[in-house]
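Asks: Please work out how this folds:
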Amino acid sequence: MKKIVWLLLLLLTIPSASAYEMYIFAPDTLSVGKPLVVTGNTTLGIGMPIDVVLSHQLTTSTEVNRTIAYIRPDKTFRAVFDTTGFPTGTYKVEVPTSGMGNSAVTMRAVQLVDRLDEIRISSPFVQPFSGILLVAGTLAGETHSGVQVEVVGPENAVIFGPRFIYTNNLGEFSLEIPVSETGLYEVSFTDSQGYIGQKSFTIGRTPATTETPGNIPAPTMDESVATPPLPATTTPQQSPLLPLWGLLATGIVVFFIRR
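Replies: As a prediction, the model looks like this:
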């Protein structure tokens, strides 16, 4: 009898093979446009694929995206969701699994907020190529404080920052970022309260100079080529006998008059 009791106690101390454990983690609040990183650990087997689902909580739950994560050798997993363009509101991330233990945490709620209205950009979003990207603006409520700036270039590589830029007593800031090529530049802003958002700038080629009709000089041509030479005018030469015939005629007239 005692052996049976000890056997039952031993069986109770052995965890059920079907009861797995899983714990997922996600931020409570996140700014729209920032990657939503979901991490977790589990007792599931190494290399096992699991679905991680992102849903928008409205009146009902609507799936927005899902991805597959794989269990790493250290029994952890990681999934990333792009939130660019997402509407603000309550979202949830979860791992829809069954057979988990009572202490498993397979769902987290995330509040997406939009802080882009807290920053006003005054520099042009489209600038000609000059070797410099000008980023200037005003940060609401951040007088005598600052903003952290990071710039990603056309090749999806960070070309500037993250660097802290101070604001003046009006919350204004300005910086010139060296650039070496044309294309799209993504500028991210973060302050003491967290991620603010991202703005896109385009560096284009320097426009070619065009002359207006009033500035176009009139075409010039070599006069010797444009104007054909005129034939030389020649004065007809008089015969040397003409004066003698004139004198002779005059003498004849005078002779007949006297007679």
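Asks: Show me what G40 is bridged to.
Replies: With DSSP bridges applied, G40 shows beta-bridge pairing to I24, F77.
Asks: er, I177 I mean
Replies: With DSSP bridges as the rule, I177 is bridged to L133.
Asks: Model confidence for it, exactly?
Replies: Reading off the confidence values, I177 has pLDDT 97.
Asks: Let me see the contact set for it.
Replies: 132-135, 151, 159-160, 185 (C-beta atoms under 8 Å, 6 or more residues apart in numbering). To be clear about C-beta, it is placed using only N, CA and C from the backbone, and glycine gets the same treatment.
Asks: Hmm, Q127 and I203 touching each other?
Replies: Yes: if you go by C-beta atoms under 8 Å, I203 and Q127 touch, sitting 5.7 Å apart.
Asks: more crowded one of the two?
Replies: I203 (21 against 18; other C-beta atoms under 10 Å).
Asks: where's that one, which helix or strand?
Replies: Assigning secondary structure by DSSP states H and E places I203 in strand 194-204.
Asks: who does that strand pair up with?
Replies: Assessed with DSSP bridges, strand 194-204 is paired to strand 126-128 (parallel), strand 183-191 (antiparallel).
Asks: my read: G171 touches L139, true?
Replies: Yes: in this structure G171 lies within contact range of L139 using C-beta under 8 Å: 4.8 Å.
Asks: follow-up on the earlier one: overlap of the contact sets of I203 and Q127?
Replies: Joint contacts of I203 and Q127 (C-beta under 8 Å, 6+ apart) are L133.
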